[in-house]
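# Turn this into a structure:
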Amino acid sequence: MPSTIPINVFYDAQCPLCRKERRRYERWAGKRSTDIAWLDVSEHQQTLREKGVDPAMALRSLHVEVAQGQLIEGIDAYRLLMARIPLLMPVAWIIGLPGIKSGLRALYDSWVKRRLQKQGRWPT
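Now for the predicted structure:
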């Protein structure tokens with residue numbers, strides 16, 4: 001059974017694909033979508049700094065804040081988010097497997113870098 005404890009998801013709302021993915025997660029989560037607060041990194045830079053996260057780094061990797069205030073980053077953040085959605089629970093488990101997790105992280109990091117460079121938002 002997915003958790004109903006609210007989480008905050010810090011994501012890049014300037015990214016069209018990220019916005020599309022957010023809508024997809026909300027649709028699949030159904031009633032549980034109210035337990036997920038979506039926070040634009042650009043609008044919550046000070047909050048991230050207070051939590052010890054450089055906003056530029058938050059653009060490079062998904063960050064999820066759990067109820068205790070702990071921040072989960074990267075593939076583990078995606079797993080936590082997916083575990084909230086019954087349809088995606090098996091995917092959350094699969095992407096946590098050692099070889100898959102590290103491979104996905106490398107692909108994700110490469111994709112984000114290309115996307116931010118293309119948008120002129122990758123630090124030089």
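# all contacts plus neighbour counts: C-alpha atoms, from now on.
OK.
# And the strands in this protein, which stretches?
Secondary structure of the chain, counting by DSSP state E: strands at 7-11, 36-40, 63-65, 71-73.
# strands paired with the second one, and their directions?
What it means is strand 36-40. Paired neighbours of strand 36-40 in the sheet (DSSP bridges): strand 7-11 (parallel).
# CA atoms of the strand it pairs with as CSV?
Extracted in CSV, the C-alpha atoms of strand 7-11 (Å, rounded to 0.1, in the frame of the first residue of the first chain):
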residue,chain,number,x,y,z
ILE,A,7,6.0,14.7,0.3
ASN,A,8,7.4,17.8,-1.5
VAL,A,9,8.9,17.2,-5.0
PHE,A,10,11.3,19.9,-6.1
TYR,A,11,11.3,19.8,-9.9
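# Pull out the buried positions in that strand.
I7, N8, V9, F10, Y11 (16 or more other CA atoms under 10 Å).
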